Every structure is written in C-alpha cells, then in structure tokens.
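In: I'd like to go over a predicted model; first the sequence, then the structure.
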Amino acid sequence: MSDDKNIPKIKIVKNGPYLVSGNIPMAKQTILVDNQGHGVKWEEETCFPMKEQYALCSCGESSNSPYCDGTHQKIGYDGTETASIGDYLNNPQVINGPDLMLTDAQQLCALARFCHRKEGGVWDLTEQSDNPEFRASAIQGTWDCPAGRLIAWNKKTGKSIEPPYEPSIGIIEDPAKNVSGPIWVRGGIPIESCDGSQYAVRNQVTLCRCGKSRNKPFCDASHVSKGYKAKNTD
C-alpha cells in the first residue's frame with residue numbers, strides 16, 4: 001500500500017497555512033527584468049532544505065517566511081477561500097492565431113510580467129504565430145507565466161504546449177517591484193481546499209502568500225499593489 005506522505009500534495013488549513021507533503025523540493029525564484037521592467041528570466045537562488053512535510057505561510061506575517069510560525073492564529077487571519085473550484089479553462093479569453101491558440105484566464109494574473117516580450121505581447125505574437133520567431137517567443141512567454149494565466153495551444157493537434165515541470169515549489173521574489181511574490185506551484189501538484197474539495201490540477205499556478213488576495217488561495221497580484229515584503233527573506 002502506498003504511503004500518502006510520499007504523494008505530492010498541498011492541503012489548505014482553514015485560516016491557516018498551506019501544508020505541503022510528498023518531499024516536494026523548494027527554491028527561491030527571482031524575477032529578472034529588462035530596462036523596461038518586463039520579466040526576461042527566472043533566477044533560481046536559495047534551495048531550501050528538503051523536508052517530507054512543511055507548512056508555508058499564507059497570512060503574510062510570519063517572521064520565518066516562507067514557513068508558517070503560527071502568527072495567523074495571533075492576528076485572527078481570515079483566509080476564506082473565494083476562488084472557484086472549477087477549471088479556469090471553462091471560460092477563458094481565447095486568442096486565435098495561424099499556428100497557435102492562446103487561452104487567457106485574467107483572474108489568475110500574478111503580475112510577473114513575462115507576457116511582455118521584446119518582440120511584443122504574447123497576445124499579438126500569437127496572432128502572428130506563422131512567424132517562427134514570434135511563435136517561439138509567444139510560447140516562452142506562456143511558459144514563464146508562473147500563475148498559469150496564459151497557455152499556448154497547438155492548433156493542429158489541439159494540445160497544450162506547457163513546460164515539463166516536475167513537482168516543485170518556487171518562492172518568488174520581485175526586486176524590481178521591491179516586493180515578495182507568491183508561491184509558485186509547479187508540476188501538477190494537487191491543491192486541496194480546507195473543506196476537502198480539490199482545485200483543478202494545473203501544470204503551474206501561484207498561491208497567495210501576502211494574505212491580501214481577493215481570489216484566495218490564488219494570487220491576484222495584491223502583493224504588488226500592497227507593497228508586500230516577506231519577513232526573513234534573506
């Protein structure tokens with residue numbers, strides 16, 4: 001019989017942390033930008049010690065970020081989940097190009113800014129995807145979108161074109177905006193609501209760690225508008 005502890009999973013505690021299990025590796029991921037402030041590259045820095053299980057802060061007030069230190073209980077944190085349990089692909093904006101199709105679930109935007117390329121925005125590039133350079137740039141822009149807001153699809157096969165992520169977690173820092181970003185969940189890790197229901201499994205998605213999102217548990221870029229800086233991020 002399999003040991004559930006070895007199966008990658010994230011369980012949301014009511015008004016509390018994200019309980020991560022299954023020996024999921026975690027590393028700090030920093031957004032590098034160009035002179036216009038657009039994301040151009042991810043830089044992986046600190047790799048956190050491997051743990052079979054750990055609890056990540058969701059309220060934004062832990063003094064041991066990214067880990068939970070129990071502060072949510074002291075401050076009476078309201079972590080009420082407001083995001084839809086259903087699949088966001090049920091009603092995305094769709095952009096059709098000659099070779100690619102792009103689905104855009106705007107409510108998932110984490111404002112990482114990789115969708116703006118030197119050749120143009122991924123939306124315009126998709127509409128010009130018969131150009132190999134534009135096609136490649138559009139795909140890369142969707143791959144670097146940590147929230148899974150943007151997904152490129154091969155129009156001939158009808159299949160999504162997504163990065164081959166293994167289950168892993170990234171703790172995002174955004175020095176260009178002087179903020180700490182969300183928790184980047186990669187590789188199709190199941191996320192379970194505090195009531196036991198399960199969110200649609202996606203290749204990548206971002207969980208709020210500032211405590212301010214209006215689309216909990218997912219990031220809605222409130223960390224930028226609120227100027228959120230996690231404690232103990234060095």
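Out: Arrived safely.

In: Ranking helices and strands of the chain by mean pLDDT, which lands last?
Out: Counting by mean pLDDT, DSSP states H and E, the weakest-scoring helix or strand in the chain turns out to be strand 39-47, with a mean of 91.

In: Name the strands paired with that strand and say parallel or antiparallel.
Out: Pairing partners of strand 39-47, with direction, according to DSSP bridges: strand 26-33 (antiparallel).

In: which of the residues in the partner strand are buried?
Out: Of the residues in strand 26-33, those buried by neighbour count under the rule 16 or more other Cβ atoms under 10 Å are Met26, Lys28, Gln29, Thr30, Ile31, Val33. Heads up, the C-betas are built off the backbone N, CA and C, glycines and all.

In: Next: stretch 70-84.
Out: Within stretch 70-84, the residues that qualify as buried by neighbour count (16+ other Cβ under 10 Å) are Thr71, His72, Tyr77, Gly79, Glu81, Ala83.

In: which stretch of helix or strand covers the third one?
Out: Which is Tyr77. Taking DSSP states H and E as the criterion, no element holds Tyr77; it sits outside all helices and strands.

In: Enumerate every residue touching the nearest residue to it once chain neighbours are set aside.
Out: In space, Tyr77 comes closest to Cys59 once its chain neighbours are excluded; the distance is 4.0 Å by Cβ to Cβ, 6 or more residues apart in numbering. Cys59 is in contact with Thr71, His72, Ile75, Tyr77, Gly79, Gly211, counting by Cβ atoms under 8 Å, 6 or more residues apart in numbering.

In: try Lys229
Out: For Lys229, the residues meeting the contact criterion (Cβ under 8 Å, 6+ apart) are Asn178, Val179, Ser180.

In: got a markdown table for the residues you listed, with secondary structure too?
Out: Shown next, in a markdown table, are the contacts of Lys229 (DSSP: H, G, I helix; E, B strand; the rest coil):
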| residue | secondary structure |
| --- | --- |
| Asn178 | coil |
| Val179 | strand |
| Ser180 | strand |
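
In: Quickly list the domain ranges of this structure.
Out: Per the record's domain assignment (automatic domain parsing), the chain is made up of the domains 4-84+165-225, 88-161.

In: Grab the CA positions of the strand or helix carrying Ala152 and hand them over as CSV.
Out: Secondary structure assignment for Ala152, by DSSP H and E: strand 150-154. This file holds the C-alpha atoms of strand 150-154, laid out as CSV (Å, rounded to 0.1, in the frame of the first residue of the first chain):
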residue,chain,number,x,y,z
LEU,A,150,-1.6,32.1,-20.2
ILE,A,151,-1.4,28.7,-22.0
ALA,A,152,-0.3,28.2,-25.6
TRP,A,153,-2.1,25.5,-27.7
ASN,A,154,-1.0,23.8,-30.9
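
In: who does the helix or strand just after it touch, helix- and strand-wise?
Out: Beyond strand 150-154 on the C-terminal side, the first helix or strand identified by DSSP H and E is strand 160-161. Using 3 or more Cβ pairs under 8 Å, 6 or more residues apart in numbering; DSSP states H and E as the contact test, the elements touching strand 160-161 are strand 150-154.

In: May I have the strands that pair with the strand it packs on, each with its orientation?
Out: Strand pairing (DSSP bridges) places strand 150-154 next to strand 100-104 (antiparallel), strand 160-161 (antiparallel).

In: list the buried ones in that strand?
Out: Taking 16+ other Cβ under 10 Å as the neighbour-count basis, strand 150-154 is seen to contain the buried residues Leu150, Ile151, Ala152, Trp153.

In: Having no further points to raise, I will conclude here.
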